[in-house]
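Visitor: Model the following, please.
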Amino acid sequence: MADLDFDNIRLWLDENEKYASSIKADDPGFGIAQEMLGIISRARGSLHPSADSTANYMPNKEIIEQLSTLRIQAEQAALKGKR
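Guide: Coordinates of the predicted model:
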């Protein structure tokens, strides 16, 4: 996450949506993935163009922290499910 561009959250949301959408209903991390998709949906709904149209105003850091934490949990659940 060190190379994350906080000003272009749309791409980051796209990446996490793709990941969460790939988790199947029988996967142990499915509930977490659904929570991620909910956060992504709300985040997309709150995107507002900046004055210069190059960035989006929204609580980027909070959303990124939430999704990062949930993604780690989903990945850990998937690993536990494979044991």
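Visitor: Quickly find the element holding Asp27.
Guide: Using DSSP states H and E, Asp27 sits within no helix or strand.
Visitor: what does the one 5 residues further on give?
Guide: Secondary structure assignment for Ile32, by DSSP H and E: helix 30-45.
Visitor: Check the offset of that helix from the chain's centre.
Guide: Relative to the chain's own centre, helix 30-45 is displaced by 7 Å; criterion: C-alpha atoms, centre = their mean, to the nearest Å.
Visitor: hmm, who's touching that helix?
Guide: 9, 13, 16-17, 19-21, 23-24, 27, 58, 63, 66-67, 70-71, 73-74, 77 (C-beta atoms under 8 Å, 6 or more residues apart in numbering). No exception for glycine: its C-beta is placed from N, CA and C like everyone else's.
Visitor: ok, 7 Å please
Guide: Residues from elsewhere that reach helix 30-45 (C-beta atoms under 7 Å, 6 or more residues apart in numbering): 13, 16-17, 20-21, 23-24, 58, 63, 66-67, 70-71, 73-74, 77.
Visitor: Next secondary structure element downstream of the helix or strand of the chain with the lowest mean pLDDT?
Guide: Lowest by mean pLDDT, DSSP states H and E among the helices and strands of the chain is strand 56-57, with a mean of 51. Per DSSP H and E, the first helix or strand lying C-terminal to strand 56-57 is helix 60-81.
Visitor: Quick check: closest non-adjacent residue to Ala78.
Guide: Nearest residue to Ala78 in three dimensions, chain neighbours excluded: Gly29, at 5.1 Å (C-beta to C-beta, 6 or more residues apart in numbering).
Visitor: got a pLDDT number for that neighbour?
Guide: Listed pLDDT for Gly29 reads 92.
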